[in-house]
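Colleague: my questions concern the predicted model and sequence given below.
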Amino acid sequence: MAKLNVPEHVKAMINLVKLVFFLFLWLHLLACIWWVTIVINKDSYFEGTTTPSMWYAPFDWVNPSGQELLRDETPIHKKYLIMLYYAILILGNNEIGPVNVLEIGVIIMLLLLSSLINS
């Protein structure tokens, strides 16, 4: 970058595009990691109960039957956009309500890494 024979404002623009690319790459990675984590537990129950231990999006707790994220008939692009939204919340160190030990461990790791990236 330093040896490019272009004006400084072009170098700054290239650096900005690179930063935005890496940010979107990190958001995609966050969305994919969180998706895999919640799909692992989608059919599990708390030990000794009939209470499902799967993750619901925060507003889906009010009406879990209206939850679209883990339904098979929901289009994949809609699922991806929902997960991208929650990845942005993770990047901003927002609480997304993990419900079991695996989700708590994964979200702690993701929040710590996001804090490092933000700093």
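Modeller: Yes, it's here.
Colleague: going by C-alpha atoms from here, please, whenever you check contacts or count neighbours.
Modeller: Fine.
Colleague: whichever strand or helix holds Ile117 packs against which elements?
Modeller: Using DSSP states H and E, Ile117 sits in helix 101-118. Applying 3 or more CA pairs under 8 Å, 6 or more residues apart in numbering; DSSP states H and E, we find helix 101-118 packed against helix 8-40, helix 76-91.
Colleague: pick the most deeply packed of the ones you listed.
Modeller: Among those, ranked by average contacts under mean count of other CA atoms under 10 Å, first place goes to helix 76-91 (a mean of 17).
Colleague: shaky segments in this protein?
Modeller: Low-confidence segments of the chain, defined by pLDDT under 70: 43-54, 56, 58-68.
Colleague: which residue is nearest the middle of it?
Modeller: Geometric centre of the chain, nearest residue: Ala87, 2.7 Å, by CA atoms, centre = their mean.
Colleague: compare the helices and strands packed on helix 101-118 and give me the one nearest Pro98.
Modeller: Nearest to Pro98 among those is helix 8-40 (9.1 Å), distances taken as CA to CA.
Colleague: tell me the spacing between Leu111 and Gly105.
Modeller: Going from Leu111 to Gly105 by CA to CA, to the nearest Å gives 10 Å.
Colleague: also Asn5?
Modeller: Asn5 is 47 Å from Gly105, by CA to CA.
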